[in-house]
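Colleague: fold the following, please.
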Amino acid sequence: MFISNLVSNDISRKTKSNHALTVPQMVMVTLRFLATGSVLQVVGDTIGLHKGTVSRIVSDVLTSLCSKRDEFIKWPRNVDETRGDFYRLSGFPNILGAIDGTHVRIQAPSEDEPSFVNRKSLHFVNVQAVCDARGKFTDINANWPGSSHDSHIFRTSQIRMTPSKTCKIIIACAILHNICILLNEPDLEDDGLVIDNDGDLGDRFFGDQDGRGVRDHISSTCFNR
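Modeller: Now for the predicted structure:
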């Protein structure tokens, strides 16, 4: 019901006809699409809806979810707490986020098609994401075609610039992931990891903040046993 209440004001106005689906039904249709990755026609056949109806439902719910992005995907405000969580988890000091990129496969686009072809000659969107120590997304950028290099995405990403348009499905899934963490929903792949809230945060580094200097400091103070 949490998600239904979240998107209700945005999509309930579209359900005034006599045979319209309820908001919870629309949410369930969207979740089924996101969870299975099935084409819209398959989702529609499964639940007795035309693929055009499924397409409109999914689009409306995704648009509503993505409009809540800043509420559920945001940079941590308590920097010391975030650093502490990472240190107790991994022994690395002064970490604010774990960042990486991944390729999400797409159909060949009609415009600028070559830019979306990666080194495997397949069509992808290159997604950059940042998570905190609990696995919650604190930043995500799904703007870049598959041919873009990770370092270029980082230099121009929304961590350093105003966020631009994002891929709705990717952003919506990240929002849903964070909602699950917020509501303490069980993780099917949870390995039982628990973050200890006690412990020293390690030596702070006050030298030159270039990558090499920070790396050498971490190596000498944390792993030189």
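Colleague: from here on, just use CA atoms for contacts and neighbour counts.
Modeller: OK.
Colleague: quick one, strands of the chain?
Modeller: Along the chain, counting by DSSP state E, strands occupy 98-105, 124-131, 137-145.
Colleague: tabulate these (JSON lines), appending mean pLDDT and distance to residue 10.
Modeller: Output for the strands of the chain, formatted as JSON lines (pLDDT from 0 to 100; distance: least, CA to CA, whole Å):
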{"stretch": "strand 98-105", "mean pLDDT": "85", "distance to residue 10": "28"}
{"stretch": "strand 124-131", "mean pLDDT": "87", "distance to residue 10": "27"}
{"stretch": "strand 137-145", "mean pLDDT": "79", "distance to residue 10": "23"}
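Colleague: so which of the ones you listed comes closest to residue 218?
Modeller: strand 98-105 (15.7 Å; CA to CA).
Colleague: just for this protein, where's the confidence low?
Modeller: 13-19, 37-46, 109, 143-166, 188-211, 214-215, 217, 221-225 (pLDDT under 70).
Colleague: okay, now the domains of it?
Modeller: Here the domain assignment for the chain is 2-67, 72-182, based on automatic domain parsing.
Colleague: on that earlier part again, deepest of the strands of the chain, which one?
Modeller: Among the strands of the chain, strand 137-145 has the highest mean neighbour count (mean count of other CA atoms under 10 Å), at a mean of 23.
Colleague: mind listing the helices for the protein?
Modeller: Ranges of helices within the chain are 2-11, 23-36, 40-47, 51-66, 69-72, 79-90, 150-155, 168-182, 211-222, based on DSSP state H.
Colleague: could the ones you listed go into JSON lines alongside distance to residue 98?
Modeller: Output for the helices of the chain, formatted as JSON lines (distance: least, CA to CA, whole Å):
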{"stretch": "helix 2-11", "distance to residue 98": "27"}
{"stretch": "helix 23-36", "distance to residue 98": "25"}
{"stretch": "helix 40-47", "distance to residue 98": "34"}
{"stretch": "helix 51-66", "distance to residue 98": "22"}
{"stretch": "helix 69-72", "distance to residue 98": "17"}
{"stretch": "helix 79-90", "distance to residue 98": "9"}
{"stretch": "helix 150-155", "distance to residue 98": "13"}
{"stretch": "helix 168-182", "distance to residue 98": "15"}
{"stretch": "helix 211-222", "distance to residue 98": "15"}
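Colleague: now do the contacts for residue 142.
Modeller: By CA atoms under 8 Å, 6 or more residues apart in numbering, residue 142 lies in contact with 125, 126, 127, 128, 166, 167, 170, 171.
Colleague: no more questions from me, cheers.
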